[in-house]
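In: Below is the sequence, then the predicted model.
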Amino acid sequence: MVTIKSKREIELMRESCKIVRLAQEAIEKAIRPGISTYELDKIAEDVILSNGAIPSCKNYPSGVKGVPAFPSAVCISVNDEVIHGIPSKHTIIKDGDIVSTDLCAYKNGFHGDATRTHFVGNVSKTARKLLEVTEGSFFEGIKYAKKGYRIGDISHAIGEYVRKNGFYVVEEFQGHGIGRDMHEDPGIPNYGKAGKGLRLEPGMTLAIEPMVNEGTKEIEILDDGWTIVTADGSLAAHYENTILITENEPEVLTM
């Protein structure tokens, strides 16, 4: 069921989203060649905890039979890792890497969620273009994140922008509603037909997150049960913000 947030609930979400933004900013300041993804995870977790919030991703999902709980505060995915990379002391960031950091914070009953993909040092022209297109596709999509449009309008805009720029959206994973639960209705694919799907209303809060691959839309899951990689070993990027549908332009809560 899609929930419409009250003014009070939106204010509480703004606080969670602010903490997400602060944690992402701390990662951006710290990321460099030689640092481990484990260290980046701890930096972000410290920011979340020191602001009175809980890292939503850590130990998610809790108590689901057959599903390993995610062990860290941040999903950190490097180069060909699309999403859900597990931070490790053994994964050392190198010059030329691109690194996606997906994190969510929970405070006062509400979640905020955002992802950034970072350049590290001297990245390739292809990597730079991939990141620019991934971020750009988010902003193309939210042109339609307005009262009266439909989910399919957002999805179509993202997918077409990525396709026209020569890259591929991941089809197995998607954006989502967000609020009291980290994942709420509706699902928001990064491809689709304009004019289809749920009609948008003020008070909806959505996590819109293009996941874009360099060489193929095909993906694989690693043996850890979490990390998703490109099937051909090419680069992947991920960009996400939590937004609010208003009476006018969308408000990006995590920027």
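Out: In hand now; what should we look at?
In: can you map out the helices along the stretch 151-255 of the chain?
Out: Using DSSP state H, counting those that start in this stretch, the helices of the stretch 151-255 of the chain run over residues 151-164.
In: where exactly do the strands run in it?
Out: 168-169, 175-177, 184-188, 205-208, 211-213, 219-221, 228-230, 236-238, 241-244, 251-252 (DSSP state E, counting those that start in this stretch).
In: can you list contacts of the second one?
Out: Strand 175-177 has contacts (C-beta atoms under 8 Å, 6 or more residues apart in numbering) with 2-3, 183-190, 204-209, 240. In short, each C-beta sits where N, CA and C put it, glycine included.
In: quick revisit: may I see the strands of the stretch 151-255 of the chain arranged in CSV, with mean pLDDT, mean neighbour count and distance to residue 112 as well?
Out: Output for the strands of the stretch 151-255 of the chain, formatted as CSV (pLDDT from 0 to 100; neighbours: other C-beta atoms under 10 Å; distance: least, C-beta to C-beta, whole Å):
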stretch, mean pLDDT, mean neighbour count, distance to residue 112
strand 168-169, 98, 22, 24
strand 175-177, 98, 23, 13
strand 184-188, 97, 18, 13
strand 205-208, 98, 27, 9
strand 211-213, 98, 29, 19
strand 219-221, 97, 16, 26
strand 228-230, 98, 22, 22
strand 236-238, 98, 28, 16
strand 241-244, 98, 25, 5
strand 251-252, 98, 18, 11
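In: Residue 26 is nearest to which of those strands?
Out: Distance to residue 26, taken as C-beta to C-beta, is lowest for strand 241-244 among the strands of the stretch 151-255 of the chain, at 17.2 Å.
In: Give the pairing partners of the closest one; include direction for each.
Out: Sheet pairing for strand 241-244, assigned by DSSP bridges, gives strand 205-208 (antiparallel), strand 251-252 (antiparallel).
In: now those in TSV, with distance to residue 158?
Out: Output for the strands paired with strand 241-244, formatted as TSV (distance: least, C-beta to C-beta, whole Å):
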stretch	distance to residue 158
strand 205-208	8
strand 251-252	15
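In: Among these, which comes closest to residue 127?
Out: Of all the strands paired with strand 241-244, strand 205-208 sits nearest to residue 127, with 22.3 Å by C-beta to C-beta.
In: Would you mind listing the outside residues contacting the closest one?
Out: Here strand 205-208 makes contact (C-beta under 8 Å, 6+ apart) with 5, 10, 13, 113-114, 138, 141-142, 145, 154, 158, 175-179, 186, 188, 240-245, 253.
In: Next, count neighbours for residue 6.
Out: Neighbourhood size, residue 6 [other C-beta atoms under 10 Å]: 10.
In: what separates it from residue 202, distance-wise?
Out: Distance of residue 6 to residue 202, given as C-beta to C-beta, to the nearest Å: 11 Å.
In: Likewise for residue 156?
Out: Distance from residue 156 to residue 202, by C-beta to C-beta: 22 Å.
In: Buried residues in stretch 109-117, which are they?
Out: 110, 111, 112, 113, 114, 115, 116, 117 (16 or more other C-beta atoms under 10 Å).
In: any chance you could read off phi and psi for the last one?
Out: With angles defined as degrees, to the nearest 10, residue 117 sits at phi -110, psi 130.
In: Then the fourth one?
Out: Phi and psi for residue 113, reported as degrees, to the nearest 10, are phi -150, psi 130.
In: Look up the residues forming beta bridges with it.
Out: Residue 113 forms beta bridges with residue 104, as assigned by DSSP bridges.
In: can I get the buried residues of stretch 109-117 in CSV with distance to residue 98 and pLDDT?
Out: Formatted as CSV, the buried residues of stretch 109-117 follow (distance: C-beta to C-beta, whole Å; pLDDT from 0 to 100):
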residue, distance to residue 98, pLDDT
110, 30, 98
111, 26, 98
112, 23, 98
113, 20, 98
114, 17, 98
115, 12, 98
116, 11, 98
117, 6, 98
